[in-house]
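>>> the sequence and its predicted three-dimensional model are supplied below.
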Amino acid sequence: MTDILVQADNITRRFGGLTAVNDVSLTLQRGQVHAVIGTNGAGKSTLVHVLSGEIPPTSGTIHLGGRDVTRATQPDRARAGLGRSYQRTTIFPQFSVFENARLSAQGGYQRFWNWWSRASTCPDSSAIAADALRLAGLDAVADRPAGLLSHGQKRQLEIAMCLALRPKVLLLDEPLAGMGAEETERMLALLHSLKTDHAILLVEHDMDAVFRVSDVITVMVNGSVIAKGAPEAIRADPLVQTAYLGETHAEAGAEPSAFAVSSAAGHAAPVQPSSVH
Ligand SMILES: Nc1ncnc2c1ncn2[C@@H]1O[C@H](COP(=O)(O)OP(=O)(O)OP(=O)(O)O)[C@@H](O)[C@H]1O
């Protein structure tokens, strides 16, 4: 059985005369975090929108688990195992953390409607929600109103709500935005633990985090892929250095400041799975 869950081939997306995504191909594989990085306006979010089914590609094809979903709707792709988180928070603040996860589970769990029983007593969606909260490291705060969570915990809850739909693939658009150092560590540990059973696409501006957690990195500039490979290869790629720094710096052999790593040894610290709370 192949572990390639998503195969996108030659994706192009135009907005009028602007080519936001230009002939991009990528695969998402179970067990891997595949990051897509690039300067502002490079086309990263547009690519995520196309993969999730929010907008159609102008051309190209997308296969999910071997099935052609290029023209499938967003709900159809979600049912086929594609989950996504958004840059904005999408939780119900007045509901408890558990209720948020359960509502999400109910959205994805299909059963004959039972008119006379309360939705909150549905054992299936409750079990799925509890599972998703445990995976996301939020079981200890399950009863808290979601609006009272810290920013980092809210982002974890979004991922839990995504997990409650029981996806095989996670498309994560800037999950670290606005997070402090401790929250970032927790989220990286969560991504590290989730990749065992999922294929993860990560769009993220925090380069230190990207280089620590990713197995594969695709670099986009002006809609096109200029490099793809393991983090070490991407860090050393002259084309990438030029794109991020400008030619003069790259020729002088400087490391792009965006790729600077935080550890004293000069290597990014590995993610510690045990730090998921
Ligand atoms: N709905 C739209 N209509 C017209 N142009 C769009 C639309 N969405 C995106 N674009 C344009 O497509 C290009 C790529 O945008 P996109 O948001 O995908 O880039 P990005 O790499 O995600 O940028 P950022 O890192 O700033 O979020 C930009 O020039 C943007 O202005």
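Sure, I can see it.
>>> and the residue sitting nearest the centre point of the chain, what helix or strand is that in?
Most central in the chain under C-alpha atoms, centre = their mean is Leu172, positioned 1.8 Å from the mean C-alpha point. In this structure, Leu172 is located in strand 169-173 according to DSSP states H and E.
>>> now do the strands in the stretch 51-200 of the chain.
Remark: strands of the stretch 51-200 of the chain, listed N- to C-terminal, are 59-64, 67-68, 82-85, 169-173, 199-203; assignment by DSSP state E, counting those that start in this stretch.
>>> distance check, the residue nearest to the centre of the chain against the ligand.
When C-beta to the nearest ligand atom, to the nearest Å is the yardstick, Leu172 and the ligand sit 13 Å from each other. The way it works is simple: take the backbone N, C-alpha and C, and place the C-beta from them, glycine included.
>>> for that residue, give me its contacts.
Counting by C-beta atoms under 8 Å, 6 or more residues apart in numbering, Leu172 touches 84-85, 159, 191, 200-204.
>>> distance from stretch 195-214 to the middle of the chain?
With C-alpha atoms, centre = their mean, to the nearest Å as the basis, the distance from the averaged C-alpha position of stretch 195-214 to the chain average is 7 Å.
>>> average pLDDT for it?
Confidence for stretch 195-214, expressed as mean pLDDT, is 94.
>>> is it in proximity to the ligand?
No - if you take C-beta under 6 Å from any ligand atom as the test, stretch 195-214 misses the ligand, and the best it gets is 6.6 Å.
>>> circling back: residues of the strand holding Leu172 that come out buried?
Taking 16 or more other C-beta atoms under 10 Å as the basis for neighbour counts, the residues of strand 169-173 that come out buried are 169-173.
>>> quick one: mean pLDDT for it?
Per-residue pLDDT values across strand 169-173 average out to 95.
>>> how about stretch 75-90?
Stretch 75-90 carries an average pLDDT of 82.
>>> can you classify the residue nearest to His63 when sequence neighbours are not counted by secondary structure?
Across the structure, with C-beta to C-beta, 6 or more residues apart in numbering as the measure, the residue nearest His63 apart from its sequence neighbours is Gln7 (4.4 Å). Using DSSP: H, G, I helix; E, B strand; the rest coil, the three-state assignment for Gln7 comes out as strand.
>>> any idea what Gln7 is bridged to?
Using DSSP bridges, the beta-bridge partners of Gln7 come out as Thr27, His63.
>>> how close does it sit to the ligand?
As defined by C-beta to the nearest ligand atom, Gln7 lies at a distance of 21 Å from the ligand.
>>> now do Glu232
Here Glu232 is placed at a distance of 23 Å from the ligand (C-beta to the nearest ligand atom).
>>> quick one: residues contacting Gly81.
Listed by C-beta under 8 Å, 6+ apart, the contact set of Gly81 reads 5, 64-65, 166-169.
>>> so, in contact with the ligand or not, stretch 35-51?
Yes - interface with the ligand: stretch 35-51 contributes 38, 40-46 (C-beta under 6 Å from any ligand atom).
>>> keep only those of these that are in helices.
Members of these lying in helices (criterion: DSSP state H): 44-46.
>>> rebuild these as a markdown table, extending it with pLDDT and neighbour count.
What follows is those, written out as a markdown table (pLDDT from 0 to 100; neighbours: other C-beta atoms under 10 Å):
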| residue | pLDDT | neighbour count |
| --- | --- | --- |
| Lys44 | 96 | 25 |
| Ser45 | 94 | 18 |
| Thr46 | 96 | 24 |
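>>> just curious, which of these is nearest to Val225?
Within these, distances to Val225 taken as C-beta to C-beta reach their minimum at Lys44, with 11.1 Å.
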